[in-house]
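Engineer: sequence and predicted model, in that order:
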Amino acid sequence: MPPPPSRRSILAGAASLGLAPAARAAGPAGFGPLGRPSWASDSLQAAASAKGLMYGCEVPFHRFDGTVAYRQAVARECGILVCGTEMKMEEVLPAPGRSEFSRGDAILRFARANGQRMRGHTLVWHAALPPWVAPLLGRASPVQAEDFMRRWIETVAGHYRGQIVAWDVVNEILGNETDPDRGGGLRDSPWLASIGPGYVDLAFRILHETDPAAAGTWNEDAVEQGVPWMEAKRTKVLRRLEAMRARGVPIRRFGLQSHLTSTIPIDQGQLRRFLREIGQMGLGIAITELDIDDRAFPSDVATRDRKVADFARRYLDVALDEPALLDVVTWDIYDPDTWLNDHPYRKRPDGLAQRALPLDAQYRRKPLWHAMKAAFQAAPDHTAARERLRRG
Ligand code: XIL
């Protein structure tokens with residue numbers, strides 16, 4: 001066991017993250033001009049943008065970097081991209097004093113060349129912390145921990161300043177079904193433990209100071225489906241959003257991760273009311289990580305694909321009816337790479353791989369792709385709401 005970090009090393013760790021203020025003020029360079037749109041006229045993005053919406057996906061660097069057909073699919077279908085791990089602290093700050101942006105930069109350059117926008121994911125999360133950070137936060141005073149958070153946000157959001165349409169400022173901050181409640185529903189996290197519940201507001205304020213053009217987003221999981229604990233969580237979200245607005249916190253979007261699971265129904269009435277209340281607060285809404293865990297559906301591929309498509313359509317029809325809904329982002333686009341296959345509790349009883357995403361292993365458009373396209377085509381026009389919320 002290495003010795004616990006001393007106060008001096010905490011300060012050194014925090015200080016080594018900070019770039020000189022002048023360097024930060026200079027801003028990033030070298031991501032290239034926004035190119036001509038790469039998406040095809042029959043793509044998901046084309047159908048979405050005809051209604052003032054955007055469609056895009058999460059891009060894992062290993063596949064992006066290694067497979068031409070994958071890059072072509074992402075260019076053809078998407079108007080907005082997000083990095084799966086490349087902008088998380090774990091990847092950006094692998095060791096004290098070292099920052100690593102090359103993979104995130106490569107995805108951003110690709111997006112720019114293709115006329116695509118980018119979301120930023122994610123600034124303050126209990127997970128994906130590099131191993132050296134949790135002990136550091138564990139020994140930091142609240143002031144030191146705040147300083148560390150500020151330097152981190154300034155480092156990553158400063159590097160990408162002006163390039164990111166929306167940053168997930170906080171991710172998964174509320175407890176889920178089995179998490180103990182740490183006050184106001186906030187889940188256990190090194191940020192909560194070191195800074196206290198004010199860490200959430202503070203993170204939004206720091207992003208706003210660092211990159212005012214990026215829409216500060218609260219991204220949350222497990223708020224979409226029809227089960228009592230999720231309905232209780234929705235109520236907590238609404239009360240917290242109201243309080244944040246009343247305190248003048250610069251939050252502009254709420255993100256529903258939308259890792260939907262076939263084991264829980266969609267309650268369209270509950271979902272509609274939830275989204276309407278968020279919209280009425282003047283916030284934009286994004287679907288940020290859509291995929292469908294098909295565990296409860298049969299093995300037969302044709303049946304399964306149809307059920308996945310119908311399930312997504314039930315969700316999207318309600319979501320896209322809400323004027324404040326702006327973007328639909330799937331968590332990757334290509335079935336073989338879905339993160340769902342990496343999680344033991346998401347395993348299908350028949351041992352088959354999940355079919356959670358719009359394209360299959362041969363990059364063919366699946367029934368889910370067609371359901372998404374039909375949902376975009378059936379959606380009301382969001383252009384006016386997007387324009388209003390762009391300035392919000
Ligand atoms: C996942 C990535 O897809 C994986 O590659 C990584 O190993 C773990 O994180 N909610 C989130 C995302 O907000 O950041 C997670 O991404 C999926 C769940």
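Structural biologist: Received it, and whenever you're ready, just let me know what you need.
Engineer: next, count neighbours for Gly248.
Structural biologist: When neighbours are defined as other Cβ atoms under 10 Å, Gly248 has 9 of them. (C-beta placed from N, C-alpha, C; glycine too.)
Engineer: just Glu242 next, same as before
Structural biologist: Around Glu242 there are 12 residues (other Cβ under 10 Å).
Engineer: distance check, it against Trp191.
Structural biologist: Distance from Glu242 to Trp191, counting by Cβ to Cβ, to the nearest Å: 22 Å.
Engineer: next: Lys307.
Structural biologist: On the measure of Cβ to Cβ, Lys307 and Trp191 end up 39 Å apart.
Engineer: now do Gly162
Structural biologist: Counting by Cβ to Cβ - Gly162 and Trp191 are separated by 26 Å.
Engineer: and if you look at Ala375?
Structural biologist: 36 Å.
Engineer: contacting residues for the residue in the stretch 251-392 of the chain positioned nearest to the ligand?
Structural biologist: Nearest to the ligand in the stretch 251-392 of the chain, going by Cβ to the nearest ligand atom, is Trp339, at a distance of 3.8 Å. Trp339 is in contact with 84, 291, 331-332, counting by Cβ atoms under 8 Å, 6 or more residues apart in numbering.
Engineer: more crowded one of Lys307 and Trp191?
Structural biologist: Neighbours of Lys307 and Trp191, each counted by other Cβ under 10 Å, are more numerous for Trp191; the result is 25 against 19.
Engineer: residue contacts, that one?
Structural biologist: Neighbouring residues of Trp191 by Cβ under 8 Å, 6+ apart: 124, 126, 137, 145, 149, 199.
Engineer: just the C-alpha atoms of the longest strand along the chain, please, in CSV.
Structural biologist: Ranked by residue count and defined by DSSP state E, the top strand of the chain is strand 284-293. C-alpha atoms of strand 284-293 as CSV (Å, rounded to 0.1, in the frame of the first residue of the first chain):
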residue,chain,number,x,y,z
GLY,A,284,-33.8,22.2,-22.8
ILE,A,285,-33.9,18.4,-22.7
ALA,A,286,-31.6,15.9,-24.3
ILE,A,287,-31.7,12.2,-24.6
THR,A,288,-28.1,11.5,-24.1
GLU,A,289,-27.3,7.8,-24.0
LEU,A,290,-30.2,5.9,-25.6
ASP,A,291,-30.0,2.1,-25.9
ILE,A,292,-32.3,-0.8,-25.2
ASP,A,293,-31.3,-3.6,-22.9
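Engineer: got the CA positions of stretch 216-235 in CSV?
Structural biologist: Extracted as CSV, the C-alpha positions of stretch 216-235 are listed here (Å, rounded to 0.1, in the frame of the first residue of the first chain):
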residue,chain,number,x,y,z
GLY,A,216,-24.6,23.3,-18.7
THR,A,217,-26.4,19.9,-18.4
TRP,A,218,-27.4,17.7,-15.5
ASN,A,219,-27.3,14.2,-17.0
GLU,A,220,-29.1,11.6,-14.9
ASP,A,221,-29.9,7.9,-15.2
ALA,A,222,-33.0,5.9,-14.4
VAL,A,223,-35.6,8.6,-14.7
GLU,A,224,-37.4,7.3,-17.8
GLN,A,225,-39.5,4.2,-17.0
GLY,A,226,-42.7,3.2,-15.1
VAL,A,227,-41.7,1.9,-11.8
PRO,A,228,-42.3,3.5,-8.4
TRP,A,229,-38.7,4.2,-7.5
MET,A,230,-38.1,5.9,-10.8
GLU,A,231,-41.2,8.0,-10.3
ALA,A,232,-40.0,9.0,-6.9
LYS,A,233,-36.6,9.9,-8.5
ARG,A,234,-38.4,12.1,-11.1
THR,A,235,-40.0,14.0,-8.3
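Engineer: neighbouring contacts of stretch 264-275?
Structural biologist: Stretch 264-275 has contacts (Cβ under 8 Å, 6+ apart) with 223-227, 230-231, 234, 237-238, 260, 285, 311, 314-315, 317-319, 321-322, 324-325.
Engineer: with adjacent residues omitted, what lies nearest to the residue positioned nearest the centre of the chain?
Structural biologist: Closest to where the C-alpha atoms of the chain average out (Cα atoms, centre = their mean) is Thr288, at 4.7 Å. Computed as Cβ to Cβ, 6 or more residues apart in numbering, the closest residue to Thr288 that is not its neighbour in sequence is Gly255, at 4.0 Å.
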